[in-house]
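Peer 1: No letters, just coordinates:
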């Protein structure tokens, strides 16, 4: 089906709202290819728009320069919306990208405008996908975020130019645009460069956190009042704010910032970072690069060898978060995309709070191998819930990279009461050794 104008396409697309996939499955694909990963997209392409899916490097609606995508969203018990997963775009051609400028690239030509068909992903229909209902359609113009996406594209391209395509993924921190593995469980191999180097095939992706943000912005239908910044990542922004204070101790910085201190508080580092860069709420409300990413800013003490003195902790766990398989879980999506920014305060183990020196800012992200190890901890918690046996919990004594540990008051009996309420008194924590190894590559 051809459309002469963008508005004509949108007017036609309006008719898809409220439809279940089984209602538009004109070629009976739900029965013919029930396990095809691209099943829902093919149903929309064949059944609603009436064209054959293809691997054309040009956009689906070529005459309008618009690419069609189908994506799921979740709605939690509080009514909050989040994208189900990242949005996979075109394949990365390792042999071609090294010659491409972003604005003339195949990626930009194909994906600069996306028509996203949103359906609600409900766990109860996971095995009966025809029951998923299409609720919204959204035309997203990538020009709104072109500076950040261009920087991400260049970061990916530069990795290939340096003949390190095998390191794409967790070792290539990007903000909105990522590079995910494609092929049979990511085990296929592609050769590139005149040296016949090998790397797993990958595709460009818009990260889950970014998809969640553009969905929420669309649903809220508000005009953005975000402040602009020339920084293209949360890390770059935080580093630029913190760097002027390198080499000073906590009390010196607090004095400069006019933070009133009578007795040195345990959270002096947090008070300092909030004053310099702003609270999480402030950053999310004022800057797109924070609203559209999963990030965690953590103030951490390190010893004289720049190694962590404590584990990294996250928010309290909820039992309902473990109802899905790992592949469909919110925690997998989080760890795939999250950028952890560490503000490092150096001192010996015996250093007093207030005397530690602000030394550096680092960022870490996670590789596919990291995610596989995290899956183990996730499944141990699922087993705990299933068997009602807390001995299955991945506690720190078991020496995994990702464990759970108490987060609350001493004496709370966090493990003993783990199964009592939806929100537990435990949280995920990353081991010191695991994070120290990550820092060596940051």
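Peer 2: In hand now; what should we look at? Remember, predicted model here, so these are calculated numbers, not experimental data.
Peer 1: switch to C-alpha atoms for all contacts and neighbour counts from now on
Peer 2: Fine.
Peer 1: hmm, who's touching stretch 162-175?
Peer 2: 94, 148-149, 152, 155-156, 159, 178-180, 193, 197-200, 232-234, 289, 293, 336, 339, 364-368, 441 (Cα atoms under 8 Å, 6 or more residues apart in numbering).
Peer 1: could you say what helices and strands the helix or strand of the chain with the lowest mean pLDDT packs with?
Peer 2: Lowest mean confidence among the helices and strands of the chain (mean pLDDT, DSSP states H and E): strand 190-192, at a mean of 86. Judged by 3 or more Cα pairs under 8 Å, 6 or more residues apart in numbering; DSSP states H and E, the packing partners of strand 190-192 are strand 197-199.
Peer 1: by contact count, what packs against the strand it packs on?
Peer 2: Other helices and strands packing on strand 197-199, by 3+ Cα pairs under 8 Å, 6+ apart, are strand 190-192.
Peer 1: For the strand it packs on, buried residues please.
Peer 2: Buried residues in strand 190-192, counting neighbours by 16 or more other Cα atoms under 10 Å, are found at 190, 192.
Peer 1: who does it pair up with?
Peer 2: Note on strand 190-192: by DSSP bridges, its sheet partners are strand 197-199 (antiparallel).
Peer 1: for the protein, which helix is longest?
Peer 2: Taking DSSP state H as the assignment, the helix of the chain that covers the most residues is helix 368-387.
Peer 1: Can you name every helix or strand that that helix contacts?
Peer 2: Counting contacts by 3+ Cα pairs under 8 Å, 6+ apart, helix 368-387 packs against helix 330-337, strand 402-406.
Peer 1: part of a strand, is residue 344?
Peer 2: Yes - counting by DSSP: H, G, I helix; E, B strand; the rest coil, residue 344 falls inside a strand.
Peer 1: I'd like the helices and strands packed on helix 368-387 laid out as CSV, including distance to residue 258.
Peer 2: CSV is the format used below for these (distance: least, Cα to Cα, whole Å):
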stretch, distance to residue 258
helix 330-337, 36
strand 402-406, 34
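Peer 1: Do me a favour and average the pLDDT over the longest helix of the chain.
Peer 2: Averaging pLDDT along helix 368-387 gives 95.
Peer 1: From the contact counts, what lies against the helix or strand harbouring residue 211?
Peer 2: If you go by DSSP states H and E, residue 211 is part of helix 208-220. For helix 208-220, the packing partners by 3+ Cα pairs under 8 Å, 6+ apart come out as strand 81-83, helix 330-337.
Peer 1: if we can go back for a sec, just put the helices and strands packed on helix 368-387 in a markdown table and tack on mean pLDDT and mean neighbour count.
Peer 2: Supplementary listing: the helices and strands packed on helix 368-387 in a markdown table, determined by pLDDT from 0 to 100; neighbours: other Cα atoms under 10 Å:
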| stretch | mean pLDDT | mean neighbour count |
| --- | --- | --- |
| helix 330-337 | 94 | 20 |
| strand 402-406 | 95 | 24 |
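Peer 1: Sounds good, over and out.
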